[in-house]
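>>> When you get a sec, could you give me coordinates for this:
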Amino acid sequence: MIIRETNDSFIMIKQHDHAFLSGEIVKHFDVSLLRSNAFRDELLYASYQHDRSWIGLDKAPVWNDAVHRPFTFSYYPLVPKLVFYERGLDEVSDAHPYAGLLCSLHFCSFFSNTSDPDCLRFLEEENLRQKALRKQLPALDEDLLQEHFTLLQFSDDFSLFICLNRPGVAKEEEHPCFRNGFKHTERFNHTEDPLEGKWTGPHAIGISGAPFKQPFTVELHYKEVSKASILQEGITKAYASADISTHSITISSAGPDQIV
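Here you go, the predicted model:
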């Protein structure tokens, strides 16, 4: 679950709904910025489905007593999270080996500096998975794979930019992860600078570097769960009884003077 807190409520977004935004971002990405159009369908599948591990976990949010808020995806208990990660990667890999390889690389990047034994076991298992998937892809273009991996990570970050920021937020008040642009996207920007986004209104985001040929609109689905209802009913009932809301956002290219 992705959580954004307000004074009186929690904005709660399912991971799979966030992943759908990632898929829409990749779907509208300018393919001329890529090495080739090979494996495009598999890339799209990976983008739309990369967080299917969370479908079961997000059916009922869990309360984090230590910080008095629901568990977010970042702080969810590690062992069950890893079990569901593996389950989701199994499902994506069974559907498309290339998509499974991309998603496995993506998930392994979360633990690049870990010494936790459970994480190290997960990385070992995923290394074996990646070797097996590569054997199913004998003509693999490693440079294209790296490009697709970067694009998957960008789409994930851009979707999180949408989910974690209050619509229309000023640049200086953005979530700190995104104030300096999206990581590793210089290759798509034809400069030494990464792609950078900015809310230009409550329903509009501009992005530098023109990675999209045309503006497009996405819909963010979420629940706003009041803190009062959580106190009265508990997080499970309060979340279940909250209505699903939709927020439309149009994404378009923006010049450098519009981003600052």
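
>>> Can you show me the helices along the chain?
Along the chain, counting by DSSP state H, helices occupy 15-27, 40-49, 54-57, 78-95, 97-108, 117-135, 142-164, 186-189, 227-233, 235-241, 256-259.

>>> Let me have those in JSON lines, extended by distance to T250.
All C-beta atoms are positioned from the backbone trio N, CA, C, and that covers glycine. JSON lines is the format used below for these (distance: least, C-beta to C-beta, whole Å):
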{"stretch": "helix 15-27", "distance to T250": "12"}
{"stretch": "helix 40-49", "distance to T250": "20"}
{"stretch": "helix 54-57", "distance to T250": "27"}
{"stretch": "helix 78-95", "distance to T250": "29"}
{"stretch": "helix 97-108", "distance to T250": "27"}
{"stretch": "helix 117-135", "distance to T250": "37"}
{"stretch": "helix 142-164", "distance to T250": "12"}
{"stretch": "helix 186-189", "distance to T250": "20"}
{"stretch": "helix 227-233", "distance to T250": "31"}
{"stretch": "helix 235-241", "distance to T250": "29"}
{"stretch": "helix 256-259", "distance to T250": "14"}
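
>>> And these: which comes nearest I2?
helix 142-164 (4.8 Å; C-beta to C-beta).

>>> picking up where we left off before, next, format the helices of the chain as a markdown table and append distance to F216, mean neighbour count and mean pLDDT.
A markdown table is the format used below for the helices of the chain (distance: least, C-beta to C-beta, whole Å; neighbours: other C-beta atoms under 10 Å; pLDDT from 0 to 100):
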| stretch | distance to F216 | mean neighbour count | mean pLDDT |
| --- | --- | --- | --- |
| helix 15-27 | 7 | 22 | 98 |
| helix 40-49 | 14 | 22 | 98 |
| helix 54-57 | 25 | 18 | 94 |
| helix 78-95 | 24 | 17 | 96 |
| helix 97-108 | 22 | 23 | 98 |
| helix 117-135 | 31 | 14 | 97 |
| helix 142-164 | 12 | 20 | 96 |
| helix 186-189 | 17 | 18 | 84 |
| helix 227-233 | 35 | 14 | 97 |
| helix 235-241 | 30 | 17 | 97 |
| helix 256-259 | 18 | 12 | 60 |
